[in-house]
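Undergrad: any chance you could fold what I've pasted below:
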Amino acid sequence: MKLLYIAFARMPTEKAHGLTIAKSCESFARAGAQVTLMIPRRTTSIAGDVFSAYGLERTFKVVEIAVPDLVGYFGDSKLAFWLHYFLFYAAVKMRLIFASRQTVIYTREPLFCMYTLWGYRVVLESHLISKWRKTYFFLARRADRIVVISKALRDAFASAGFNEKSILVAPSGVELSVFDIDVSREDARKELELPLAATIAVYTGNFTTMGKDKGLRDIVVALKSAPSVTFVGVGGSEKDIEHYRKQAQEAGVADRVILRGYAPQRTLAIYQKAADVLLMPFPDTPHYRNHMSPVKMFEYMASGRPIIASDLPTIREVLNDSNAYIVAPDDPATLARTMRRVFERTAESTARARKAYEEVGRYTWNSRAQMLIDLIERADVTSL
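TA: Residues are numbered from 1 along each chain as shown. As a prediction, the model looks like this:
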């Protein structure tokens, strides 16, 4: 299979979507597809190319389309974004006019579903429903296959009249060779220069999404009721680190808060191994309730450390009371109480961490890619 993954994204990027796009391409190639990733040429603060930044095998091609980087020039202007988007769309279209129609297009961008009018097969991977729902679903109906990352998204498509049986739910994944590593808690802390004797709760990944808090505010507040806990957060921007440091100072817990910036995957794995507990206290918003499949969830599961996560439908699709600690979202008091329970009931927390570790094997990037290729190649998929 020849597969063209079209991504309107700055690559590499510190954001999670960059990793999932890159790992998807690598895994498609491992499954036997001839893969090309097509992206706009944009400036990025991440050193190296896509392969070195994400630690990938060089098993697929990356084609950068040279269109004016209006977002880079003018910042987060909506006009700049949409002009850049349509310039990229037009440039890709020109590239594909004379390309083989045997190539399968895989994308997250609904507008590219219109390429079916040119004779291409298009697979749309949906991570959220645009606020322009009618337009979004109109474009999505042009796709040959629909992939969603949560059951809630599948239900949203079904409520719009799509055939539920023709939509594949495929959550995010994990690279076990990166996160299932044999590193002791003590060695991990020595390498990262973290306090050896402290009780450490760890959060990895971006501190905010689209400018919105991802639960770090609740963690900082919870520390006031968990005086034995040191919090380590890794993956924040300079702006976010400064913001949460200020919150920690205002809460009187700054001496127990360690915040650090972007780190590559292999370093994040060591941070997770350094933890006594891993935190994922997402707030209860429509995005987190319905439109996410957090990569960190599967990375956490592979670490063998206890997990505390918010009680949200998207989380419940993978985690439950047997493999994690599920707590009410937006509730720092319950978060603090649950952290204390993890440390006090070591046999229970160890058993839940082991259960998560045993189950994470079904969520690898390789198994996900094979499932998607099987979907694409099937001839009996019910029409949308």
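Undergrad: next one: Thr209 relative to Phe81, how far apart?
TA: For Thr209, the distance to Phe81 (C-beta to C-beta, to the nearest Å) stands at 17 Å. Yep, even glycine has a C-beta here, placed from its N, CA and C like the rest.
Undergrad: and stretch 79-89, what's buried?
TA: By neighbour count on 16 or more other C-beta atoms under 10 Å, the buried set for stretch 79-89 is Ala80, Leu83, His84, Tyr85, Leu87, Phe88, Tyr89.
Undergrad: what's the burial count for Ala160?
TA: The local packing of Ala160 (other C-beta atoms under 10 Å) involves 15 other residues.
Undergrad: can you tell me which residues contact Ile149?
TA: Ile149 makes contact with Glu125, Ser126, His127, Val169, Ala170, Pro171, Ser172, His291, Met292, Ser293, according to C-beta atoms under 8 Å, 6 or more residues apart in numbering.
Undergrad: next SSE downstream of the lengthiest helix in the chain?
TA: Counting residues, the longest helix found in the chain (DSSP state H) is helix 78-96. Using DSSP states H and E, the next helix or strand after helix 78-96 towards the C-terminus is strand 104-107.
Undergrad: what's that following strand packed up against?
TA: In terms of contacts (3 or more C-beta pairs under 8 Å, 6 or more residues apart in numbering; DSSP states H and E), strand 104-107 is packed against strand 2-6, strand 121-126.
Undergrad: could you dump these to CSV with mean neighbour count?
TA: As requested, those are exported to CSV (neighbours: other C-beta atoms under 10 Å):
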stretch, mean neighbour count
strand 2-6, 22
strand 121-126, 21
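Undergrad: Val360: which of those is closest?
TA: Distance to Val360, taken as C-beta to C-beta, is lowest for strand 121-126 among the helices and strands packed on strand 104-107, at 21.3 Å.
Undergrad: and the contacts of that closest one?
TA: Identification of contacts with strand 121-126 by C-beta under 8 Å, 6+ apart yields 104-108, 110, 112-113, 115-116, 140, 142-149, 153, 157, 170, 372, 375-376.
Undergrad: any of those buried? List them.
TA: 104-108, 110, 112-113, 115, 140, 142-149, 153, 157, 170, 372, 375-376.
Undergrad: out of those, which sit inside helices?
TA: When helices are assigned by DSSP H, the members of the buried ones among the contacts of strand 121-126 inside them are Ala140, Leu153, Phe157, Leu372, Leu375, Ile376.
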